[in-house]
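[1] one predicted model, sequence on top.
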Amino acid sequence: MATNKSKGELDALLDAKRQEGPGKFTEEKIRIYADGITSVADSGILEKALNVGDKAPGFTLKNALNKSVSLYNELENGPIVLTWYRGGWCPYCNITLHYLQEKLPEFQKAGATLIALTPELPDNSLSTSEKNKLEFTVLSDVGNTIGKEYGVVFTLTDEVASIYEAGFGLSEKNGDNSNQLPLAVTYVIDTNGIIQYAFLDADYRERAEATAILTALNKLN
């Protein structure tokens, strides 16, 4: 069962962006995006994705500066907050990344390291990091290889994929033509590699609140 998030600070920021949709998009585009979210929900991904109690698969990925970062090496220093974002082209992702940056001192005070994964190519993830002045680790999961191990990757509907390709060139951003993206999932992983908190939602406009993440981290101490 996916973890429900309580309405909070981040949700208020995201809601302002959500409210822009009806005035900005045609009815056809609104329908296409809604159908896309329904497609994700109906795919069974929320039931198959790793969840609380599961062992987190290890990985080593390159950050935006081409330095290798290993999950289990980082876990030696304390728990990990592991989050995925779709790309720097996604306004909901940028709002969330900026919010997580603001909350980073609180995560660090709880002894945790924050790591974000994205399917974007390293050059694109670097520009996202710089644009949002991110001080936490951003790793490129090219081809969604790690995302697939965690069971959080889905394929866009053809209609949504066409909009993304025409709008900003998704295939160029990610370096492939798979039309696959990760859920906007967040996990809290303890030092034994066990997932202790999971935020999973089919709707990319919904994200984990810092209060829920901190509650999970504080339970570990």
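    Okay, I see it.
[2] let me see the confidence value for the closest residue to residue 170 other than its chain neighbours.
    In space, not counting the residues next to it along the chain, residue 170 is nearest to residue 164; the distance is 4.2 Å by CB to CB, 6 or more residues apart in numbering. Backbone N, C-alpha and C define where each C-beta goes, glycine included. If you check residue 164, the pLDDT there is 97.
[3] I figured residue 164 was touching residue 172, is that so?
    No. Counting by CB atoms under 8 Å, residue 164 stays clear of residue 172, with 10.8 Å between them.
[4] more neighbours: which of those two?
    When neighbours are counted by other CB atoms under 10 Å, residue 164 and residue 172 differ, and residue 164 comes out ahead with 21 against 12.
[5] with adjacent residues omitted, what lies nearest to the spatially most central residue of the chain?
    Nearest residue to the geometric centre of the chain (CA atoms, centre = their mean): residue 84, 2.2 Å. Using CB to CB, 6+ apart and skipping the chain neighbours, the partner closest in space to residue 84 is residue 182 (4.2 Å).
[6] could you do residue 91 as well?
    residue 17 (5.7 Å).
[7] what does residue 65 give?
    The shortest distance from residue 65 to any non-neighbouring residue, by CB to CB, 6+ apart, is to residue 126 (7.4 Å).
[8] cool, residue 55 as well?
    In space, and not counting its chain neighbours, residue 55 is closest to residue 193: 5.6 Å by CB to CB, 6+ apart.
[9] ok, now how distant is the one you found from residue 207?
    The gap separating residue 193 from residue 207 is 24 Å, by CB to CB, to the nearest Å.
[10] looking at those two, which one has more neighbours?
    Set side by side, residue 193 and residue 207 show more neighbours around residue 207, with 25 against 15, by other CB under 10 Å.
[11] tell me the SS of that one?
    coil (DSSP: H, G, I helix; E, B strand; the rest coil).
[12] give the contact list for the nearest residue to it once chain neighbours are set aside.
    On the basis of CB to CB, 6+ apart, the spatially nearest residue to residue 207 that is not a chain neighbour turns out to be residue 96, at 4.8 Å. Residues near residue 96 by CB atoms under 8 Å, 6 or more residues apart in numbering: 10, 14, 83, 85, 184, 207.
[13] wait, doesn't the residue nearest to the centre of the chain sit right on residue 184?
    Yes. Under the contact definition of CB under 8 Å, residue 84 touches residue 184, with a separation of 6.2 Å.
[14] I'd like to know how far residue 187 sits from residue 218.
    Shown here: residue 187 relative to residue 218, a distance of 16 Å by CB to CB.
[15] who's more crowded, those two?
    For residue 187 and residue 218, the more surrounded residue by other CB under 10 Å is residue 187, and the numbers stand at 28 against 10.
[16] can you give me the helices for this protein?
    Secondary structure of the chain, counting by DSSP state H: helices at 9-18, 21-24, 27-42, 45-48, 71-75, 91-109, 122-131, 145-149, 158-168, 170-174, 210-220.
[17] between the ones you listed, which one is closest to residue 62.
    Nearest to residue 62 among the helices of the chain is helix 122-131 (6.3 Å), distances taken as CB to CB.
[18] got the CA positions of the closest one in PDB?
    Only the C-alpha atoms of helix 122-131 are listed here, as PDB (Å, rounded to 0.1, in the frame of the first residue of the first chain):
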ATOM      1  CA  PRO A 122      24.500  14.300 -16.800                       C
ATOM      2  CA  ASP A 123      24.800  17.600 -18.700                       C
ATOM      3  CA  ASN A 124      21.100  18.200 -18.200                       C
ATOM      4  CA  SER A 125      21.100  17.200 -14.500                       C
ATOM      5  CA  LEU A 126      24.000  19.600 -14.000                       C
ATOM      6  CA  SER A 127      22.100  22.500 -15.400                       C
ATOM      7  CA  THR A 128      19.100  21.500 -13.100                       C
ATOM      8  CA  SER A 129      21.400  21.400 -10.100                       C
ATOM      9  CA  GLU A 130      22.900  24.800 -10.900                       C
ATOM     10  CA  LYS A 131      19.500  26.400 -11.700                       C
END
